[in-house]
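3D, please:
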Amino acid sequence: MTTQQILEKLVSFPVLGGDSNLEIINWIKQYIESFGITSFLVYNNDNTKASLHCRIGPAVDGGVILSGHTDVVPVKNQPWDTNPFELVEKSDGNLYARGSCDMKGFLACCLATLPNMVKANLKKPIYFAFSYDEEIGCLAAEALINHIKATYPETPKFAIIGEATMLQPIIGQKSIHILDITVNGSEGHSSRIKQEVSAIHEAAKIVLWAEEKMNTLVKTSNDARFNPSHSSLHVGTINGGIAANIIANKVTLSLDIRCLPKDNPNILHQDLIHFCKEREKTRRSIFSGFKIEVEENHPIVPAFSTNETAEAVDLIGKITGNYNWNTVSYASEAGYFANAGFETIICGPGSIKQAHRANEFISKDQLNKGTEMIDALVLHLEAIA
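Purely as a prediction, here's the structure:
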């Protein structure tokens, strides 16, 4: 099958983050095993989802992991011109479908080059590591990596995360931590604003706290490789109140924290908790039931930073011809692979500008170049001593 034919099959599985991915992962497993390669499934607790990994090539140290995820983001209420789960080729040279760019295009490149991997005289192995639930917090990455380590006595050296970068090497990403905050105040007539505790007014203080904390980080912690060059705090949603003349008794808001690799998101989390506890002490003299609850939306997705002189950067340069690295502020599974001890880099076909939007696409040129990159990796692993 060609890369485009495989991509056509992969996008036909409408697996959203949180959904069961067994249908697509079992198709991938059957495809891989048709070439005589043994693959392993790593199930979630109730066996409704599974990650997959396999090794192609010799059982020796120093291999390369190719990592991708099988889930996609929703399409509901997006103005698609075509069926999101059917690959449509248009005259502009682009292939349209949900997941075509993020990131089933990379999976298709991996699977299309599998026949060449099997035939090659690889001196170092190639591993596939395909996960589920990446789009809702990279929930499967850690278990998948642990299973890889437990399965193979040999240790891979590199991990290439195939997120859409236009095949530019990405050597760093920020962490992401999303917190859900609920402010519980006291309801009453708006004329009693000083006798009650408005959940909206208190929520506004949290927003200002986040802004001031970020301004402090701008001055005290910078990394010029990133844009923005500091850790960021952003309130993305805020909901509460029922009328202008009613003091709101409940407000919910979400806080998105993205930290540089050198900053600790746990510290910012604790700073927020401390601020909220201080507000509780201050306002409970007016309303004893005043409370601010802070909950994790999902666990912290870790940052990563690979030195620009690392072998992984040179490896990507050799197989893509692109040595011009960059960094990103979006989250991926790269931090988990880096924390596990692998030299990690993000590099894949397609543009992140197309991800998560209506009429998502990957160009045929990028899909072909992604396939060429992995074929070049095969040749590289054949040629090394």
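
tell me which residues of stretch 316-334 are tucked away?
Residues of stretch 316-334 classed as buried: 316, 319-320, 325, 327-329, 331-334 (neighbour count, 16 or more other Cβ atoms under 10 Å). The C-beta positions use only the backbone N, C-alpha and C, and glycine is treated the same way.

no no, stretch 60-67
Quick answer for stretch 60-67 (16+ other Cβ under 10 Å): 63-67.

roughly how far apart are Pro84 and Cys101?
If you measure Pro84 against Cys101 using Cβ to Cβ, to the nearest Å, the figure is 12 Å.

okay, these two: which has more neighbours?
Cys101 (31 against 22; other Cβ atoms under 10 Å).

Using PDB, write out the CA atom coordinates for stretch 180-191.
Listed next in PDB are the C-alpha coordinates belonging to stretch 180-191 (Å, rounded to 0.1, in the frame of the first residue of the first chain):
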ATOM      1  CA  ASP A 180     -10.200  23.800  36.800                       C
ATOM      2  CA  ILE A 181     -11.100  26.300  39.500                       C
ATOM      3  CA  THR A 182     -14.500  26.700  41.200                       C
ATOM      4  CA  VAL A 183     -15.200  29.800  43.300                       C
ATOM      5  CA  ASN A 184     -18.100  29.400  45.700                       C
ATOM      6  CA  GLY A 185     -19.500  32.700  47.000                       C
ATOM      7  CA  SER A 186     -22.800  33.900  48.500                       C
ATOM      8  CA  GLU A 187     -25.800  34.800  46.500                       C
ATOM      9  CA  GLY A 188     -27.700  38.000  47.200                       C
ATOM     10  CA  HIS A 189     -29.100  41.300  45.900                       C
ATOM     11  CA  SER A 190     -26.500  43.300  44.100                       C
ATOM     12  CA  SER A 191     -27.000  46.200  46.500                       C
END
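
Distance from the chain centre to it, please.
Distance of stretch 180-191 from the chain centroid (Cα atoms, centre = their mean, to the nearest Å) equals 35 Å.

and for Pro84 and Cys101, which residues touch both?
Glu360 (Cβ atoms under 8 Å, 6 or more residues apart in numbering).

hmm, back to that, any chance of the buried residues of stretch 60-67 in JSON lines with distance to Leu122, pLDDT and secondary structure as columns?
Formatted as JSON lines, the buried residues of stretch 60-67 follow (distance: Cβ to Cβ, whole Å; pLDDT from 0 to 100; DSSP: H, G, I helix; E, B strand; the rest coil):
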{"residue": "Gly63", "distance to Leu122": "9", "pLDDT": "96", "secondary structure": "coil"}
{"residue": "Val64", "distance to Leu122": "10", "pLDDT": "98", "secondary structure": "strand"}
{"residue": "Ile65", "distance to Leu122": "14", "pLDDT": "98", "secondary structure": "strand"}
{"residue": "Leu66", "distance to Leu122": "13", "pLDDT": "98", "secondary structure": "strand"}
{"residue": "Ser67", "distance to Leu122": "18", "pLDDT": "98", "secondary structure": "strand"}
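
With distance to His234 as added columns, please give those in a markdown table.
Converted to a markdown table, the buried residues of stretch 60-67 look like this (distance: Cβ to Cβ, whole Å):
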| residue | distance to His234 |
| --- | --- |
| Gly63 | 38 |
| Val64 | 35 |
| Ile65 | 32 |
| Leu66 | 32 |
| Ser67 | 27 |
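
In those, find the pair that's most separated.
Within the buried residues of stretch 60-67, Gly63 and Ser67 form the most distant pair, 12.6 Å apart (Cβ to Cβ).

got the contact list for stretch 37-54?
19-22, 25, 28-29, 32-33, 55-56, 114, 118, 127-133, 140, 143-144, 147-148, 151.

Going by neighbour count, list what's buried in that stretch.
Quick answer for stretch 37-54 (16+ other Cβ under 10 Å): 37, 39-40, 42-44, 49-54.

where exactly do the helices run in the stretch 51-200 of the chain?
104-112, 114-119, 141-151, 199-220 (DSSP state H, counting those that start in this stretch).

can I get those in TSV with mean pLDDT and mean neighbour count?
What follows is the helices of the stretch 51-200 of the chain, written out as TSV (pLDDT from 0 to 100; neighbours: other Cβ atoms under 10 Å):
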stretch	mean pLDDT	mean neighbour count
helix 104-112	98	28
helix 114-119	98	16
helix 141-151	98	18
helix 199-220	97	16
